[in-house]
Every structure is written in C-alpha cells, then in structure tokens.
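In: Here is my input, please return the structure:
(4 chains)
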Number of protein chains: 2
Amino acid sequence: MTVKERKERERAEREGLIVATARELAEQQGWEAVTTRRLAERIEYSQPVLYSHFRGKREIIGAVALQGAAELAAAVRAATSAADGPRARVAALARAYLDFAARNPAVYDAMFLLDGGLAFAQEDTPAPLKDAFAALMESLGEVAGDGIDPGLFTEMFWASLHGLATLTRTGRLLPEYAEPRVELLIDRLPMDSRGQGR
Amino acid sequence: MTVKERKERERAEREGLIVATARELAEQQGWEAVTTRRLAERIEYSQPVLYSHFRGKREIIGAVALQGAAELAAAVRAATSAADGPRARVAALARAYLDFAARNPAVYDAMFLLDGGLAFAQEDTPAPLKDAFAALMESLGEVAGDGIDPGLFTEMFWASLHGLATLTRTGRLLPEYAEPRVELLIDRLPMDSRGQGR
DNA sequence: CTCGGTTGTCTAGCAGTGCTAGGATCGAGT
DNA sequence: ACTCGATCCTAGCACTGCTAGACAACCGAG
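Out: Sure thing, here's the model as predicted:
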C-alpha cells in the first residue's frame, strides 16, 4: 500500500501548496486578486484541480483562516508567556494581536472579515479557532474582575481589539492615535486582582 | 429655464431612486445581490444610466453609506438627548449604535466594512461622516477622563462598538452574552467627572 | 507483458459580473 | 418644420466562480 500512501502524501502536499499560494497572493495583492484562474496558474495546474481539494473559493479562504488562527494563537502565547504579571500579559497580548493583524492583513481578513464557511462560537467550531480564543482567555480571564465570566470578558476585549485592527487598517481612525488607543484599552477594560484596573 | 430645472430635478430624483433601491436590495438580499443589472432592472432603466450618476458600483455604496451616516448620527443624538447624566448618555449611545447596526446591516456594512471610496478621518472626509463622529463625541467626550483627548476616547469607544457590532452579526460571539458585553463596556471604558468609572 | 478499468487532469464552456463604445431616439430651441 | 444636442439603450468586452465531458496515465489482475 505504499503507492496509495505516496499518492495521499502528494495530494496533501498539493493542498498545502494551494493554501500557501492563495495566502501569498492575497497578502501581495489582496483577496480580490485571488481568482481561481490566477491561483491555478501559480500552482501550475488547471482550475478544476482546485475543486478536487476544496468545494469552492470560500473553503480555500477557510483553510487560510485556520492556518492563521493557529499562528495567532502561537503569537499571543509567545508574547504573554514572556510577560510578568496579569497587566503586563494583557498589554503584551493586545500588542501581539494588533501586530499580527497589521502584519498579516489578508490572513486576518480570512479569519474575521470574509466568509470562510467556518462555524464560530459553537460545538462544531474547528479546533484552531477554539484554541485561538482559548489563548486569549488564558491571559484575559484573570483580569475579568469579580463576578465577570472570563469568556464574556474575553469576548469584549477581543471585540475591542478587532474594532481597532479593522478600523485602523481601513484608514478610519487617526494613525497618530494608534498607540494611545491601545494604552487606553489596556488601562480601562481589565480589572486586576486588587479589584481595580487603574 | 424651467425646463432645465425640471430636468435637473428629475435627475436628482432618479439618483435618489438608485440609492434607495440599492439600499433596499442590499438590505433584502445582501450586497452581493446588488448587481448593476438587477439594480438597473429595478429602477426600470438600462445599466449605463447608473454610470451617468455614479462612477461605478463603489460610488453607489458610498452614497448609501453617507445616507446611513446621517441616520446614525440622528439616532445617536435622539437617544442621548433623552438620557440624564453622562453615564446614562453613554449607555444610551452604545445601545442606539448597536441597535442601528443590527437593524440596518447592509447600510452599516456600506459605511464601515465595504469600500465606498470615502475618505475617513481627514479634511476631505464628507460632512455626514464627520457629523456622525461628532455625534458620538458629544456624549463620549465628557467621560474621556482627565488628560485623555475626547477624540481619542471616542475613537476607542467607537472601535469597541464596531467590533461588537460586526462580530456579533457574523456569529462570532455568543448571542446570549450580547447584553452583558455592552454593560461591561459602558461600565469600564468611560470615566465620569468624579474621576472614576465604577 | 498485456490488457481493462480506475483515477486523475485538462479543455472548453456556462451563466453571471462590472463597465463601456456606438448608434438610435427623442425633444427643445430656432 | 427642422436641426442638433442631450439622453438612453443595445450589444459587447474581459473577467469571475464553477462544471461537464473528453482524454491520458497509471495501477493491479491475468
């Protein structure tokens, strides 16, 4: 059965190539430039090959999103583990998140702006997405404050970060306020173990 | 010159019809259903007529966005003017904003998600957008806190609302936490005149 | 070693998109 | 009554996501 195994491996490799190429193309020229024709040309196969791996373009976006979620989770954990104390962890988390969004706009869009056909906040939510949320909650849960559900606080903090990330990138917020905005957020929203956040 | 005047009036009417129809169609079936062909059919003209009013589809989205901005500003002002005290005004503002986003998803997307070719946070930003931001700042500026620029605080609060609005609607947050999330936000982020917000 | 059948891939095409060139038609002013 | 300019439509371009059907390559059986 080594033949079958080899074929499966090659198939998996090609699937990875498709996702990597889509991501690269999206990052270079934006998602609107990621067409099935261009994508097929870059991987040196014809368009129908794409459809033997994915149901359609939407699923390709979803695959990029999952990859991005894993990376975001890793980036957040790396940043928070190097910080001392709850407040420092929150600050590190916020900066790592916004940094990721700024450095990987196409991947970020695949995750949170475009429709990748993925389920969110449900049982059938893919593991990488759940884990990315878990990575946020690990550091944010401890500053939720008394009587505040960690998941609830994490959702709110995440929403704020998401708003900052998207509005900043589309030029809807003043660029010079970028840093003070983050400081304001990490100063006000969390509540540390002493019962206050300021 | 009454003839010319009549023609101009009719042109303006038709332009309004285009925008209203685009908005209606987007609200009914989503922006992806708003094609130039369908739009032309609904207004009972051929497609090229659209291009005698707007440069392209993007400008039509922009026109809907401007209309929405005016309505959002009015909704926010109406809600805040009926509230007593800074904190109550902030709460009313947040709820009015999120309510508007939930009730007019297509218009909200035209304003803050899609590309309508509009300039934000600049001198050449269209008046309705500036005014909508001003409407937010009228109530949010007074709870910015000592040493915090009102514009900066408004941007941060707006970003949080925007994150909540978009992530909630796309099913990325738990629906049952919708209300506590807002309460958390209006409890923590503002700082009233007594120097604290809790 | 040859053959049959499966598996894989490509060419060609469909319906739909935003947008535009060119010609027809209509109406206002002389 | 007639010209001429504004107004509008038909037809078409290049592109999109996606798919049917023909074709080739390769595997396992005899």
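In: Could you show which parts of chain A are in contact with chain B?
Out: If contacts are counted using CB under 8 Å from any CB of the partner chain, the residues of chain A sitting beside chain B are A:112-113, A:119-121, A:148-149, A:151-153, A:155-156, A:158-164, A:166-167, A:170-174, A:177, A:180-181, A:184-185, A:188-189, A:191, A:196-198. (Each C-beta comes from the backbone N, C-alpha and C, glycine too.)
In: Please check the residues you listed and keep the buried ones.
Out: Burial by neighbour count, judged by 16 or more other CB atoms under 10 Å in any protein chain shown, picks out A:112-113, A:120-121, A:148, A:151-153, A:155-156, A:158-164, A:166-167, A:172-174, A:177, A:180-181, A:184-185, A:188-189, A:191, A:197 from the residues of chain A next to chain B.
In: if you look at the residues of chain A next to chain B, which of them are in helices?
Out: When helices are assigned by DSSP state H, the members of the residues of chain A next to chain B inside them are A:112, A:151-153, A:155-156, A:158-164, A:166-167, A:180-181, A:184-185, A:188.
In: Could you report the neighbour count for A:Leu118?
Out: Applying the criterion other CB atoms under 10 Å in any protein chain shown, we find 23 residues in the vicinity of A:Leu118.
In: Over to the one 4 residues further on?
Out: By other CB under 10 Å, 11 other residues sit near A:Gln122.
In: Downstream of the lowest-mean-pLDDT helix or strand in chain A, the next helix or strand is which one?
Out: For chain A, counting by mean pLDDT, DSSP states H and E, helix A:2-29 ranks last in confidence among helices and strands (a mean of 89). Later in the chain than helix A:2-29, the nearest helix or strand by DSSP states H and E is helix A:36-43.
In: what separates that following helix from the chain centre, distance-wise?
Out: Between the mean C-alpha location of helix A:36-43 and the chain-wide mean there is a distance of 24 Å, by CA atoms, centre = their mean, to the nearest Å.
In: And DNA strand C, is it touching that?
Out: No - between helix A:36-43 and DNA strand C, judged by CB under 7 Å from any atom of the strand, nothing touches; the nearest distance is 7.5 Å.
In: and that helix with helix A:2-29, angle?
Out: What separates the directions of helix A:36-43 and helix A:2-29 is an angle of 120 degrees, with axes from the mean of the first three to the mean of the last three CA atoms, to 10 degrees.
In: Report the secondary structure element holding the most centrally placed residue in chain A.
Out: Averaging the C-alpha coordinates of chain A gives a centre point, and the residue nearest to it by CA atoms, centre = their mean is A:Ala69 (4.1 Å). Per DSSP H and E, A:Ala69 falls inside helix A:57-81.
In: domain ranges for chain A?
Out: Chain A breaks down by automatic domain parsing into domains covering A:1-54, A:57-198.
In: Of those, which stretch is the most buried?
Out: When the domains of chain A are scored by mean count of other CB atoms under 10 Å in any protein chain shown, the highest mean neighbour count falls to domain A:57-198 (a mean of 19).
In: Is there contact, residue-wise, from it to DNA strand D?
Out: Yes - judged by CB under 7 Å from any atom of the strand, domain A:57-198 comes into contact with DNA strand D at A:57-58.
In: now stretch A:26-43
Out: Yes - counting by CB under 7 Å from any atom of the strand, DNA strand D is contacted by stretch A:26-43 at A:34-38.
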